[in-house]
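**Student:** 3D model of this:
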Amino acid sequence: MTVLPCFGLSGRSYTSAKDMWVTMKQQGHFDEENWNDGCSIASLSGEGVCAAVSASAVVEPHGTCSVVFALGWASPKVKFVKGSTYFRRYTKFYGTSVDAATNLVHDALMDYRRWETEIENWQRPILNNERLPEWYRFTLFNELYYLVAGGTIWTDGGLPVQEDKDKMLCSQKRSRKKENKAEVRVTVSAEKDQTNHVAEVQRLNGYNGVTDADFNTPQDQNFENCGRRTEMNSGSDEYDYVLLADEENVGRFLYLEGVEYMMWCTYDVHFYASFALLDLFPKIELNIQREFAKAVLIEDKKKVKFLAEGNWGIRKVRGAVPHDLGLHDPWLEINAYNIHDTSQWKDLNSKFVLQVYRDLVATGDMTFGKDVWPAVCASIEYMEKFDRDGDGLIENDGFPDQTYDTWTVHGISAYCGGLWIAALQAASAMADKLDQKEYAAKYRSQFQRAKAVYEEKLWNGSYFNYDSGTSSNSNSIQADQLAGQWYAWASGLPSLFDDDKIRSSLQKIYDFNVMKIRGGRMGAVNGMHQNGKVDETCMQSREIWTGVTYGVAATMLHVGLEHQAFTTAEGIFLAGWSEDGFGYWFQTPEAWTIDGHYRSLIYMRPLAIWAMQWALNPPKAVLEAPRINLMEREHASQFHAGLAAVAEAFKHVHKHGHCSCSSSHSGCSWKCTC
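**Tutor:** As a prediction, the model looks like this:
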């Protein structure tokens, strides 16, 4: 790589770091002989480069002095292994020249104080809230390191560029008008949907991995009745829509599942991590969901060998939510994961529906809802084939067909089945919002049937069994068994089950999966037997997953179990972040075992701690979401009254230091008189 070192204070480049150090040691400063010479000459490919700056200042006794340095570099393009090249997000503001580093550094030096002030203003209300545990206040922000360290790529939102057209595109970008609300009118044929557009982009960029015939439109599966994004123009086979270029085109965003598991935007994990993006960067979150919505409706028939079973299948099945957005050519060649055939997984489609509905309610963006609605319908329809016996509830297929991809499931799964019934509830609520009454009724009926079967087959009197099979771990206590309930509450939906069943399950998880593991100082182990021994069925059943633990804690917060929630999550802090822990600062792994062995450092899922903040401080849109005429009205109204009471209790505790609510808060860790 060619490097252009520029020097303002030192004005001199050196041949080695040793040379620089000797000069500084002997003279106490660097020479200023080239003070006004500007940038040095470009280095040659493979040539070592070193540079340094120095400054001197006089400091009075007991005085202070700050000397600010800024380091910046311009890297305008990101090029993936299989050839697609994109411009990075910053080029929308600084252009595509490699000389933009000068302006980047200038703005950093001029504005850093304002940036710091704004960051402090954002964090202060939480950091100064003494009603929250101290460890939680700073761990909440510390876990955000992953949004930068997770291999993040943020493009300008444009199509892939061809290398031989770079100069032309650079010129076009520099001449763009910087209008905040520039309207761009786009006309799209009703016969050419977004799926064909993907194929068209691939063709223009010389992508030969998939032929046009491999991409099929939604109409092939009768998805056209799900509802269109816009109204059809009278007497025309075309429709149009308005895109607010600078407001809505926030770019395309990628982050890795982990630095060891290199796949972009792994969706089953994003399910946990997405609360951070939705809370802090909601438009980026919506764009990620749009990317997956488009992916649901396409098919890539390229053959792939699945390593675990040794069989072959196609890379992407139409109707199935992809595992990830790819690696070597993201957005165009999706599903880099090839251990199992994820088109047979039972959690991905449900997670898509749940995330989409949560994001719709939280943002109130009905255009987004209309955009992704066809993919929601396709996702539900695709999953119906896994209802083998026609009782309305999907079954797992006796292999690890879920995010726990070494943990086999037989029959009905507490995890996947719970996600499915929650997704049906969310899909019905979304249909109501979009005035899709037929679909609302259909999904409501499916929900009611599936819910009854789920409780009949899995409820054992104190929690939901791991699955309905007859294996040695079928009645294990799974920490993540209420993942569907968690999302229902996070979206302002009614409870899936009776309150006593939910509380009983969470208390069981707390007593066994949390407190029987080093006294609650390590988080929640994924699986526990009723005799208090860890489920040793497989690697993942005996692991503690950091992000899952945060998700379980968030679920506890939603129902008012504050003591249990913070104790559960504190185990992740104690083991991972504290001075007495394993030392995983700013590299929180996916998992660790009771004896301290970790798996996959620097992982996406621990961002789920922001789900706890979501539960503590639900967005107004979620609290005030219009009630759905969906389930039993009395049950729904009771739940939302309870949710509002919990929210008010939190506010009261934060303000006055004690709780005035009348509900039971067993073992409340705050100053509480209830």
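**Student:** please make it C-alpha for all contacts and neighbour counts, starting now.
**Tutor:** Fine.
**Student:** who are the contact partners of the residue nearest to the spatial centre of the chain?
**Tutor:** Centroid check for the chain by CA atoms, centre = their mean gives S274 as the closest residue, at 2.8 Å. Counting by CA atoms under 8 Å, 6 or more residues apart in numbering, S274 touches 285, 607-608.
**Student:** closest one to F93 out of those, please.
**Tutor:** For the contacts of S274, the minimum distance to F93 (CA to CA) is 21.4 Å, reached by E285.
**Student:** that closest one in helix, strand or coil?
**Tutor:** Using DSSP: H, G, I helix; E, B strand; the rest coil, the structure places E285 in helix.
**Student:** my guess is it contacts D279. True?
**Tutor:** No - E285 is beyond contact range of D279, at 9.0 Å (criterion: CA atoms under 8 Å).
**Student:** picking that back up, how much space between the residue nearest to the centre of the chain and L493?
**Tutor:** Distance of S274 to L493, computed by CA to CA, to the nearest Å: 18 Å.
**Student:** how about the strands in the stretch 401-550 of the chain?
**Tutor:** With DSSP state E, counting those that start in this stretch as the criterion, the stretch 401-550 of the chain has strands at 410-411, 477-478, 527-528, 544-545.
**Student:** coming back round to it: so which of the contacts of S274 is the closest to D107?
**Tutor:** Of the contacts of S274, the one sitting nearest to D107 (CA to CA) turns out to be E285, at 27.2 Å.
**Student:** tell me, how many residues neighbour the closest one?
**Tutor:** 21 (other CA atoms under 10 Å).
**Student:** now swap in L44 and tell me
**Tutor:** 11.
**Student:** gap between it and T537?
**Tutor:** Separation of L44 from T537 (CA to CA) stands at 56 Å.
**Student:** same check on F30?
**Tutor:** According to CA to CA, F30 stands 63 Å off from T537.
**Student:** neighbour count: those two, which is higher?
**Tutor:** More crowded of F30 and T537, by other CA under 10 Å: F30, with 21 against 15.
**Student:** so that one sits in a strand?
**Tutor:** No - F30: not assigned to a strand; according to three-state DSSP it is coil.
**Student:** what about N526, how many residues nearby?
**Tutor:** Residues lying near N526 (other CA under 10 Å) number 26.
**Student:** wait, I meant Q481
**Tutor:** Residues lying near Q481 (other CA under 10 Å) number 26.
**Student:** which residues sit in contact with the residue nearest to it when sequence neighbours are not counted?
**Tutor:** If you skip the residues right next to it in sequence, Q481 has Y415 as its closest partner in space, 4.8 Å away by CA to CA, 6 or more residues apart in numbering. Residues counted as contacts of Y415 (CA under 8 Å, 6+ apart) are 466, 480-484.
**Student:** next, format those residues as JSON lines and append pLDDT.
**Tutor:** As requested, the contacts of Y415 are exported to JSON lines (pLDDT from 0 to 100):
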{"residue": "Y466", "pLDDT": "98"}
{"residue": "D480", "pLDDT": "98"}
{"residue": "Q481", "pLDDT": "98"}
{"residue": "L482", "pLDDT": "98"}
{"residue": "A483", "pLDDT": "98"}
{"residue": "G484", "pLDDT": "98"}
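**Student:** from those, pick the one nearest V98.
**Tutor:** Looking at the contacts of Y415 and their distance to V98, the nearest is A483, at 46.4 Å (CA to CA).
**Student:** surely the closest one and G418 touch.
**Tutor:** Yes - counting by CA under 8 Å, A483 sits close enough to G418 to count as a contact (7.0 Å).
**Student:** between the two, which one's more packed in?
**Tutor:** Between A483 and G418, counting by other CA under 10 Å, G418 is the more crowded of the two (28 against 23).
**Student:** distance check, the closest residue to N311 other than its chain neighbours against Q540.
**Tutor:** Among residues not flanking N311 along the chain, K305 sits closest, at 5.8 Å (CA to CA, 6+ apart). Separation of K305 from Q540 (CA to CA): 23 Å.
**Student:** so for these two, which sits in the more crowded spot?
**Tutor:** Neighbour totals were compared for K305 and Q540, and Q540 leads with 20 against 16 (other CA under 10 Å).
**Student:** so who does the more buried one touch?
**Tutor:** Each residue near Q540 by CA under 8 Å, 6+ apart is listed here: 404, 406-407, 526.
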